[in-house]
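Peer 1: Everything below, folded, please.
(one chain, ligands or ions: 1)
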Amino acid sequence: MEVMKLENLSFSYGEHSILKGISCTFDAGKIYAIVGKSGAGKTTLLSLMSGLAEPTEGTIFCNGKEMKLEDKYEYRSRSIGVIFQDFNLLTKLTAVENVELSMEISAENSHKKIDRQANRDSAYGLLAEMGLRRDEADRRILKLSGGQQQRVAIARALSYGPDIILADEPTGNLDEETQREIMGIFRDLAKNGKCVIIVTHSSYVAECADEKIELKTVNHS
Ligand SMILES: Nc1ncnc2c1ncn2[C@@H]1O[C@H](COP(=O)(O)OP(=O)(O)OP(=O)(O)O)[C@@H](O)[C@H]1O
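Peer 2: Residues are numbered from 1 along each chain as shown. You can find the predicted model right below:
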């Protein structure tokens with residue numbers, strides 16, 4: 001089942017064309033690797049897909065709906081979960097608090113009531129699914145290893161049940177074994193019907209993907 005479609009997408013910073021005529025579709029239950037040389041526009045493409053920037057031309061459809069017609073806050077709090085190389089967690093909070101905060105922001109953006117106890121239970125549950133023990137879930141972020149922090153970031157991205165996970169170099173700061181563990185988590189997510197889209201320079205991550213999308217640097221000559 002198709003969850004996202006990019007139709008003839010282009011993006012420029014002023015006169016500088018970064019992406020040109022990108023068309024592709026993304027299905028539920030699959031892992032996609034977006035690869036290409038440094039500067040080819042991979043992160044820019046993720047920004048467009050996550051609604052943080054608007055394409056200069058072309059259309060993005062998410063679950064059949066044109067993205068530009070959607071409320072971006074709601075879209076980012078419901079349809080997609082985003083994961084970064086440097087985790088982007090709030091370091092003053094514990095792991096479980098990071099996940100709960102994301103649930104609360106999502107509920108607010110979707111105009112839903114916040115149930116703190118239910119959120120707390122479900123945040124511990126998600127962290128346990130990601131392999132964190134209860135005492136680890138109660139630890140502040142900087143007292144967790146890089147691999148554990150990335151697991152928290154994945155739990156946070158999943159906290160409001162999005163269909164699509166967008167990850168920008170999610171294993172870039174991790175050793176090989178931890179990289180394999182994180183890819184195992186993404187594989188399980190895809191098995192459970194999520195669409196996982198990963199920007200990566202890692203040949204291992206690209207090999208783990210079901211499909212590889214190569215971005216070519218736009219020729220300015
Ligand atoms: N805010 C900005 N203003 C102008 N140009 C920008 C801006 N952000 C990025 N760029 C340019 O857009 C191009 C694509 O950048 P992007 O980060 O998307 O590439 P990338 O393929 O993700 O690179 P890398 O693999 O090195 O992370 C680069 O030439 C970059 O300099």
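Peer 1: residues near residue 68, how many?
Peer 2: By the criterion of other Cβ atoms under 10 Å, residue 68 has 11 neighbours. For the C-beta atoms, the positions are set from N, CA and C on the backbone; glycine is no exception.
Peer 1: what comes up buried for the helix-or-strand element of the chain with minimal mean pLDDT?
Peer 2: Lowest on mean pLDDT, DSSP states H and E among the helices and strands of the chain sits helix 72-76, with a mean of 85. The neighbour-count check on helix 72-76 (16 or more other Cβ atoms under 10 Å) flags 75, 76 as buried.
Peer 1: what kind of secondary structure is residue 177 in?
Peer 2: helix (DSSP: H, G, I helix; E, B strand; the rest coil).
Peer 1: Point out where this structure drops to low pLDDT.
Peer 2: 220-221 (pLDDT under 70).
Peer 1: wait, isn't residue 83 in contact with residue 152?
Peer 2: No - counting by Cβ atoms under 8 Å, residue 83 does not reach residue 152; the two are 10.3 Å apart.
Peer 1: Name the next helix or strand downstream of the one helix or strand residue 101 maps to, please.
Peer 2: Secondary structure assigned from DSSP states H and E places residue 101 in helix 95-109. From helix 95-109 onward toward the C-terminus, using DSSP H and E, the following helix or strand is helix 116-129.
Peer 1: Tell me the helices and strands packed up against that following helix.
Peer 2: Packed against helix 116-129 by the contact rule (3 or more Cβ pairs under 8 Å, 6 or more residues apart in numbering; DSSP states H and E) you find helix 95-109, helix 134-137, helix 146-158.
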